[in-house]
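Undergrad: sequence and computational prediction follow.
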Amino acid sequence: MKNRVSTKVIIIAAALLQSVACMNNVYAQAQIPLSQQEIEDLGIVFEPVVAVSDSDGERVSASIITAPDVNNTVSAWFDGQILSWEVAPGEAINEGTPVAIVSSESFIEAQQAYVDARIENHQARIALDRDQRLYDAGIIAAVRLEETRRQQQQADIAYRSRRQRLLNAGVSTADLEQLDTGSVTLGEYRVRSPLSGTVARRYVMAGDHISEGSPLLGVANTAEAWLFARVPSYLSSSLSAGQTLTLSESGESLRIQSVDRQVDTLTQSIGVYATFTESTDWLPGQQVSVRLPPAAQGMRVPDSSVVHNGHETTIYVRTENGVEARTLILQPAGRNYLAIQGLTASEQIVTRGTAVLKGIQLGLGGTE
């Protein structure tokens with residue numbers, strides 16, 4: 001019985017030793033004894049291993065866009081014809097700035113509807129005041145007073161809605177007062193910008209006919225500039241709101257606001273939206289490139305440190321007696337590689353001279 005137990009223990013111990021040996025072999029492939037003088041003679045250069053940072057991720061193309069949740073277009077409230085422009089592309093404007101003068105038959109109808117509604121509302125108020133006095137004197141019933149009050153409320157709603165429509169179209173309160181007195185030009189109105197920013201482009205020319213709701217002007221607000229990028233779907237699991245991106249051209253930082261969770265079937269990519277952490281001079285429509293955060297945490301391996309042999313990737317690590325060749329599983333990380341296991345920040349790797357070391361391994365050269 002004791003012999004059986006001892007045999008079983010020996011088998012388990014042997015299996016554990018073999019497992020440890022196999023794990024060590026994943027990283028330590030060969031030892032290359034070299035003295036310091038030989039390292040210098042061969043021109044081998046080492047650099048300390050450092051952890052990856054946000055600048056080590058993949059680089060993808062992107063576009064500068066306006067905030068997707070903010071209107072950036074000045075539109076026409078009435079159909080008609082553009083008589084003239086009040087602003088030019090590149091000009092800074094504020095909310096309420098007149099941008100164009102439009103001639104419109106529909107606007108005449110809206111002006112007339114406003115005047116009619118104002119008169120009806122005034123008459124309804126007079127009628128309500130009259131019936132209130134008659135009711136207080138006991139001359140009319142309460143039902144008649146309530147009917148008059150209901151009619152006045154309807155007239156007031158109609159008046160306010162027609163007034164607001166003109167205000168939305170860019171008509172000022174001063175213009176409305178002049179309209180009440182009949183001292184304003186009928187059929188012409190100034191389109192006013194509903195937002196502040198810089199005029200990006202005109203969608204129509206002076207003299208063009210426009211329809212109700214058609215875009216007239218594009219306004220860019222660089223303080224609210226966003227970035228949109230299409231990212232390969234295999235990177236989707238490593239991206240989330242709050243992560244930092246880096247603009248390759250300028251080094252500016254951006255923060256991810258949202259990541260699409262549906263893959264585009266044609267491009268096999270997802271959409272990523274990000275905002276600049278500080279004010280920027282980039283304009284909507286400009287094409288840029290952006291650096292994504294690394295897919296995982298680990299150690300940075302420069303491209304010059306990696307030797308490829310089929311599907312295997314080998315690096316050379318400094319040891320007390322020379323150099324150790326390690327075959328690691330590396331992931332692409334921008335211009336470099338990412339080592340999740342098998343490398344620590346306390347080690348040094350070869351960044352120049354890998355071809356010489358590979359030749360020594362293959363028996364093509366030596367240190368003698």
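TA: Yes, it's here. A quick note: this is a predicted structure, and the numbers were derived from the prediction, not measured.
Undergrad: from here on, just use CA atoms for contacts and neighbour counts.
TA: Noted.
Undergrad: list the contacts of Gly363.
TA: With C-alpha atoms under 8 Å, 6 or more residues apart in numbering as the criterion, no residue contacts Gly363.
Undergrad: rerun at 10 Å
TA: Gly363 makes contacts with Leu357, as judged by C-alpha atoms under 10 Å, 6 or more residues apart in numbering.
Undergrad: roughly how far apart are it and Gly90?
TA: Noted for Gly363: a distance of 67 Å to Gly90, by C-alpha to C-alpha, to the nearest Å.
Undergrad: for the protein, longest helix please?
TA: Longest among the helix segments of the chain by residue count, using DSSP state H, is helix 105-136.
Undergrad: low-confidence ranges in the stretch 1-150 of the chain?
TA: Scanning the stretch 1-150 of the chain for pLDDT under 70 picks out 1-28, 54-55.
Undergrad: what about the strands in it?
TA: 30-33, 45-48, 50-51, 59-65, 73-75, 80-85, 92-93, 98-103 (DSSP state E, counting those that start in this stretch).
Undergrad: also the stretch 251-368 of the chain?
TA: Using DSSP E, counting those that start in this stretch, the strands found in the stretch 251-368 of the chain span residues 253-259, 269-276, 287-291, 299-301, 307-309, 312-319, 322-328, 330-333, 336-339, 348-352.
Undergrad: with distance to Leu186 as extra columns, can I get the strands of the stretch 1-150 of the chain in CSV?
TA: Compiled in CSV, those are given as follows (distance: least, C-alpha to C-alpha, whole Å):
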stretch, distance to Leu186
strand 30-33, 91
strand 45-48, 78
strand 50-51, 71
strand 59-65, 39
strand 73-75, 20
strand 80-85, 13
strand 92-93, 26
strand 98-103, 9
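Undergrad: and the ones you listed: which comes nearest Phe228?
TA: Proximity to Phe228, assessed across the strands of the stretch 1-150 of the chain by C-alpha to C-alpha, is greatest for strand 59-65 (5.3 Å).
Undergrad: tell me the buried residues in the closest one?
TA: Arg59, Val60, Ala62, Ser63, Ile64, Ile65 (16 or more other C-alpha atoms under 10 Å).
Undergrad: hang on, the third one packs against Val272?
TA: Yes. The pair formed by Ala62 and Val272 meets the contact definition of C-alpha atoms under 10 Å, at 9.3 Å.
Undergrad: mutual contacts of the two, please.
TA: Listed contacts common to Ala62 and Val272 are Leu227, Phe228, Ala229, Arg230, Val231; contacts here mean C-alpha under 10 Å, 6+ apart.
Undergrad: how does this protein divide into domains?
TA: The record, using automatic domain parsing to delimit domains, assigns the chain the ranges 25-53+297-361, 59-69+222-291, 76-104+188-220, 106-186.
Undergrad: distance check, Gln153 against Ile270.
TA: Distance, Gln153 to Ile270, by C-alpha to C-alpha: 52 Å.
Undergrad: repeat for Asp260
TA: Per C-alpha to C-alpha, Asp260 is found 6 Å from Ile270.
Undergrad: and for these two, which residues touch both?
TA: Residues touching both Asp260 and Ile270 (C-alpha under 10 Å, 6+ apart): Arg230, Val231, Ser236.
Undergrad: which among the strands of the stretch 1-150 of the chain is found nearest to Asp131?
TA: Per C-alpha to C-alpha, nearest to Asp131 of the strands of the stretch 1-150 of the chain: strand 98-103, 43.2 Å.
Undergrad: okay, the angle between that closest one and strand 80-85?
TA: When axes from the mean of the first three to the mean of the last three C-alpha atoms, to 10 degrees is applied, the directions of strand 98-103 and strand 80-85 differ by 130 degrees.
Undergrad: quickly run through the sheet partners of strand 98-103, with directions.
TA: Strands that pair with strand 98-103, judged by DSSP bridges, come out as strand 80-85 (antiparallel), strand 188-192 (antiparallel).
Undergrad: sorry, back to before: least reliable of the strands of the stretch 251-368 of the chain by average pLDDT, please.
TA: Confidence, taken as mean pLDDT, is least for strand 330-333 of the strands of the stretch 251-368 of the chain (a mean of 82).
Undergrad: now what about it, what contacts it?
TA: 52, 55-59, 291-296, 299-303, 306, 312-314, 336-342.
Undergrad: derive a ChimeraX selection command for the buried subset of these.
TA: Restricted to buried positions by 16+ other C-alpha under 10 Å, the ChimeraX selection for those reads:
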select :52,55,56,57,58,59,291,292,293,294,295,299,300,301,302,306,314,336,337,338,339,340,342
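Undergrad: okay, angle between the longest helix of the chain and strand 188-192 too, please.
TA: 90 degrees.
Undergrad: on contacts alone, who are the packing partners of helix 105-136?
TA: Applying 3 or more C-alpha pairs under 10 Å, 6 or more residues apart in numbering; DSSP states H and E, one finds that helix 105-136 makes contact with strand 80-85, helix 142-168, helix 173-181, strand 188-192.
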